[in-house]
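>>> only geometry, no sequence info:
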């Protein structure tokens, strides 16, 4: 069993616990006009919970998040119809508010949806556990 140091027994000039945040080295990645990683400040991001087919609701949710400090907003894209609705969401955001960095969260039917939604957002996030290019084939031992 591990015991933690007793804070009352540590010298006054030494902190009881190391509270320094150690960041790993990463390469910078642009999402719209925001840069993530590469020593840049930590970026606040969140995800809306509105159905992406609800254009007005999605625009309002994205705007609310951005107004309270969210720098990047993720939007779920479960179907091709949802992917195409991102064009209208982006346009409406620009017309009624301002451009907000958007990330499409693709989960199903990967390739076609990802290619469509990439036209309308700053980045596409693919959930690797659910992203399938092809059905498994027995006897196949190599995948790309």
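Sure, I can see it. For clarity, every value in this text was computed on a predicted model and none was experimentally measured.
>>> Remind me what the helix or strand of the chain with the lowest mean pLDDT packs against, helices and strands.
In the chain, no helix or strand scores lower on mean pLDDT, DSSP states H and E than helix 110-117, which sits at a mean of 88. Here helix 110-117 touches helix 80-96, strand 102-106, strand 123-126, going by 3 or more C-beta pairs under 8 Å, 6 or more residues apart in numbering; DSSP states H and E. Bear in mind the C-beta positions are built from the backbone N, C-alpha and C, glycine included.
>>> now, of the ones you listed, which is deepest in the fold?
Most buried of the helices and strands packed on helix 110-117 by mean neighbour count (mean count of other C-beta atoms under 10 Å) is strand 102-106; its value is a mean of 22.
>>> The nearest residue to residue 102 once chain neighbours are set aside: neighbouring residues, count only.
Once flanking residues are discounted, residue 102 sits nearest to residue 121: 4.4 Å by C-beta to C-beta, 6 or more residues apart in numbering. Neighbours of residue 121 under the rule other C-beta atoms under 10 Å: 24.
>>> how much space between residue 121 and residue 58?
As judged by C-beta to C-beta, to the nearest Å, residue 121 and residue 58 stand 12 Å apart.
>>> okay, and the common contacts of these two?
residue 75 (C-beta atoms under 8 Å, 6 or more residues apart in numbering).
>>> still on that earlier bit, what are the phi and psi values at the residue nearest to residue 102?
Main-chain torsions, residue 121, degrees, to the nearest 10: phi -130, psi 170.
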